[in-house]
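Colleague: Dropping the sequence and predicted coords here.
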Amino acid sequence: MKTGVIAGVAALMLAMASPVLAQEQPAWSLAIHGGAGVIERGSLSPEQDAAYRAALDGALQIGAEVLDNGGSALDAVEAVIQVLEDDPLFNAGRGAVFTADGRIEHDAAIMDGTTRNAGAVAGLTRTRHPISAARAVMENSPHVFLIGQGAETFARDQGLEEVDPAFFFTERRWRGLVRQLEREGLPVPARPAGAPAEVAMAAIAPPLDERKFGTVGVVALDREGRLAAGTSTGGMSGKRWGRVGDVPVIGAGTYASNVEGCAVSATGSGEYFIRATVARDICARYAWEVSYPESEENRAMAVEDACPSDMACPGPRQPVHVAASEEIGEVGDMGGEGGVIVMTARGQAWFEMNTSGMYRGRVAEGGNRLVAIYADEDD
Ligand code: ASP
């Protein structure tokens with residue numbers, strides 16, 4: 001996080017020295033997350049740490065290829081999330097957490113910043129790629145949000161791949177649920193039908209943990225200046241069946257708008273992110289003329305940030321790091337925890353969290369891929 005501030009200050013100094021350099025921004029930019037939560041240094045073995053970093057790096061590489069080849073922000077968001085949904089390390093698609101009654105229910109959303117069209121699904125149990133179902137809702141239906149059986153039938157009619165629910169099963173998440181329910185004195189459901197034979201604890205890699213987060217999300221800016229955001233999740237471990245979190249609620253866990261010049265994907269305790277309308281609020285803070293602490297640095301950065309090349313200048317806006325940190329601060333004040341990734345129309349990626357870690361990464365045209373896990377790591 002600190003590097004972002006330093007980069008912002010450096011950009012401002014360059015802006016004062018050279019108006020030409022001030023206009024420079026990457027042609028495309030991408031940021032991803034794989035969930036926020038209690039991820040302390042030392043809580044992951046070197047192998048687990050490396051496995052997460054490799055997964056994030058591989059996902060960034062896929063998105064970078066799409067964007068570098070002129071693909072749309074929406075295509076990049078969908079392609080990257082599909083990869084993360086198939087990776088059992090993350091709580092989305094394969095590897096999703098279980099409901100209290102031992103099922104897996106997926107939520108996902110996608111939003112196109114240029115049209116502010118959006119699609120969302122909740123409670124899917126068989127669609128392999130919930131993010132693609134969300135995109136199909138956005139592009140091929142007059143609706144924004146489909147749930148449960150209706151969403152699943154729609155996805156099937158759209159020709160999207162269906163799998164047996166056992167496809168999503170992972171021993172690690174199952175053991176996590178069992179431990180959680182036992183600790184809370186709640187009944188433990190039967191092992192799901194079709195689940196593979198139980199494996200020894202030692203064979204579970206990464207080993208059992210009870211972190212509830214692990215949602216995946218992507219924000220992107222493409223060569224045409226289009227922004228998009230997408231998020232996909234199994235939700236919270238031990239949730240009631242039928243519970244829907246913030247991820248598919250447009251404006252809470254997912255939001256993109258070229259009018260506001262901002263795209264956001266969130267992860268964390270979804271109920272709080274819904275109540276604080278986090279994703280839209282960050283974009284609103286970023287886009288609207290607002291009062292903020294009379295710090296010279298903030299004021300200067302706000303002015304610097306005010307005019308993405310393709311937009312009118314509505315006036316000084318909150319710098320993206322202030323918008324994100326104040327919003328996550330509000331979530332924390334309410335009792336919630338988690339984080340966000342933010343992309344601006346200038347291609348500036350920002351990460352904010354009030355947890356000890358968030359799996360995350362970013363890459364932009366002409367730059368290196370960067371991944372980070374712990375909150376105090378440079379990003
Ligand atoms: N926000 C998700 C939910 O509440 C959980 C997560 O981010 O891990 O469903």
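Modeller: Looks like it arrived, so ask away. Numbers count the residues shown, from 1 in each chain.
Colleague: Low-confidence bits of this protein, can you list those?
Modeller: 1-24, 199-213, 288-316 (pLDDT under 70).
Colleague: ok, now with 80
Modeller: Counting by pLDDT under 80, the chain shows low-confidence ranges at 1-24, 43, 198-213, 288-317.
Colleague: how about the residues of it near the ligand?
Modeller: 35, 91, 213-215, 233, 235-236, 245-247, 253, 267-268, 270, 338 (C-beta under 6 Å from any ligand atom). (Glycine included, C-beta is placed from N, CA and C.)
Colleague: how close does residue 177 sit to the ligand?
Modeller: Residue 177 sits 14 Å away from the ligand, taking C-beta to the nearest ligand atom, to the nearest Å as the criterion.
Colleague: Report the contact partners of that residue.
Modeller: Residue 177 is in contact with 97-98, 100, 102, 188, 237-238, counting by C-beta atoms under 8 Å, 6 or more residues apart in numbering.
Colleague: Closest to the ligand out of the residues you listed?
Modeller: residue 97 (8.0 Å; C-beta to the nearest ligand atom).
Colleague: burial measure for the closest one, as a count.
Modeller: A count of nearby residues for residue 97, using other C-beta atoms under 10 Å, gives 29.
Colleague: Strands of the stretch 251-379 of the chain, residue ranges please.
Modeller: 254-257, 262-268, 338-344, 349-353, 357-364, 370-374 (DSSP state E, counting those that start in this stretch).
Colleague: Grab the CA positions of the second one and hand them over as CSV.
Modeller: Looking back up the chat, that one is strand 262-268. Provided in CSV are the C-alpha atoms of strand 262-268 (Å, rounded to 0.1, in the frame of the first residue of the first chain):
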residue,chain,number,x,y,z
CYS,A,262,-13.6,3.2,-11.3
ALA,A,263,-14.1,-0.5,-10.9
VAL,A,264,-14.1,-2.5,-7.7
SER,A,265,-14.2,-6.1,-6.5
ALA,A,266,-14.5,-6.9,-2.8
THR,A,267,-13.9,-9.8,-0.5
GLY,A,268,-14.7,-10.2,3.1
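Colleague: Just want the angle from it to strand 357-364.
Modeller: Counting by axes from the mean of the first three to the mean of the last three C-alpha atoms, to 10 degrees, strand 262-268 lies at 160 degrees to strand 357-364.
Colleague: got the angle between strand 262-268 and strand 349-353?
Modeller: Here strand 262-268 runs at an angle of 30 degrees relative to strand 349-353 (the same axes, to 10 degrees).
Colleague: end-to-end on stretch 151-165?
Modeller: Using C-alpha to C-alpha, to the nearest Å, the end-to-end distance of stretch 151-165 comes to 15 Å.
Colleague: Tell me the buried residues in it?
Modeller: 151-152, 154-155, 158, 160, 165 (16 or more other C-beta atoms under 10 Å).
Colleague: Tell me which two of those residues sit farthest apart.
Modeller: Using C-beta to C-beta, the pair of the buried residues of stretch 151-165 lying farthest apart is 158 and 165, separated by 19.2 Å.
Colleague: Burial check on residue 224, number of neighbours?
Modeller: Using other C-beta under 10 Å as the criterion, the residues surrounding residue 224 number 12.
Colleague: Tell me the spatial nearest neighbour of it, not counting adjacent residues.
Modeller: In this structure, residue 224 finds its nearest non-sequential neighbour in residue 72, 7.3 Å apart by C-beta to C-beta, 6 or more residues apart in numbering.
Colleague: From residue 164, how far out is the one you found?
Modeller: According to C-beta to C-beta, to the nearest Å, residue 72 stands 32 Å off from residue 164.
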